[in-house]
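Enquirer: Have a look; sequence and predicted model below, questions after that.
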Amino acid sequence: MKNHIYFIFLFNAFALLMACSDTITHDDKVADPLDQHEQVNAQTYVYECSDGYSFIARIDTERAWLFLREGTISLPHAPSGSGAKYSEGQIIFWSKGDQARLESGDEKHINCKNNRAKAIWEDAKLRGVDFRAVGNEPGWNLEIITGEKIVFFGDYGQVRYEFASTEPAVDQQERKIIYTAQDREHELSIVIDGRPCRDTMSGEPFETTVTIMLNGKKYRGCGKALH
């Protein structure tokens, strides 16, 4: 097993774990924003505009990376009287909080608003997370970076447990992927089941059902592969 996971869902519902190479070439995960240096203060947004156009932006104080339908571009920060402006050539991007505007020549996308729910998942993808899961009552989320670490956030993000990523067991007959990890004080097991799942709060559909046991306490939720 190398550094990354591809989850292939057979019959549109079932998950299997496959090995892949060390180098990510996925178009939606451009290496430059994060591989050159860690952008601690960078923020990720998913902007949905009034004309139906949508795009992803990862912004810090010096630069904005825009993941557009036409491709990925990087824009340097430019002086602006209001909000933050990033521009190069004919492309101009303004942002102010959760609102933005994008211009490219004669093409303009205005009244663009951040979809915070989607932005959370896109941010995880850009940080290199391969699989993410969420659950409720109390709110929790799980992130797996293959070959690196597994992180569990519990009690609405108030508690955090981090484990070294381990080689998962794959049960093809039961259509399950199973992780186990532990340190001196904590034990964790994760079962990723290829059965579809719906979030108990939002009703959002997911590709897999996830069951977690952490220090003897069970958590149930839903998850999906990000790469």
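Expert: Here it is on my side, so go on. Numbers count the residues shown, from 1 in each chain.

Enquirer: Please make it C-alpha for all contacts and neighbour counts, starting now.
Expert: Will do.

Enquirer: Please identify the helix or strand for residue 177.
Expert: strand 176-182 (DSSP states H and E).

Enquirer: From the contact counts, what lies against that strand?
Expert: strand 14-19, strand 159-164, strand 169-171, strand 187-193 (3 or more C-alpha pairs under 8 Å, 6 or more residues apart in numbering; DSSP states H and E).

Enquirer: Of the ones you listed, which is nearest residue 45?
Expert: strand 159-164 (23.9 Å; C-alpha to C-alpha).

Enquirer: Check which residues of that closest one are buried.
Expert: 162, 163 (16 or more other C-alpha atoms under 10 Å).

Enquirer: Tell me what angle it forms with strand 176-182.
Expert: Orientation check (axes from the mean of the first three to the mean of the last three C-alpha atoms, to 10 degrees): strand 159-164 against strand 176-182 gives 100 degrees.

Enquirer: Determine which stretch of the helices and strands packed on strand 176-182 is the most buried.
Expert: strand 187-193 (a mean of 20; mean count of other C-alpha atoms under 10 Å).

Enquirer: hmm, who's touching it?
Expert: 14-15, 175-182, 208-216 (C-alpha atoms under 8 Å, 6 or more residues apart in numbering).

Enquirer: hang on, the earlier thing: weakest of the helices and strands packed on strand 176-182 by average pLDDT?
Expert: Of all those, strand 14-19 carries the lowest average pLDDT, namely a mean of 36.

Enquirer: can I see the domain layout of this structure?
Expert: Domain assignment of the chain by automatic domain parsing yields the ranges 5-24+128-225, 32-117.
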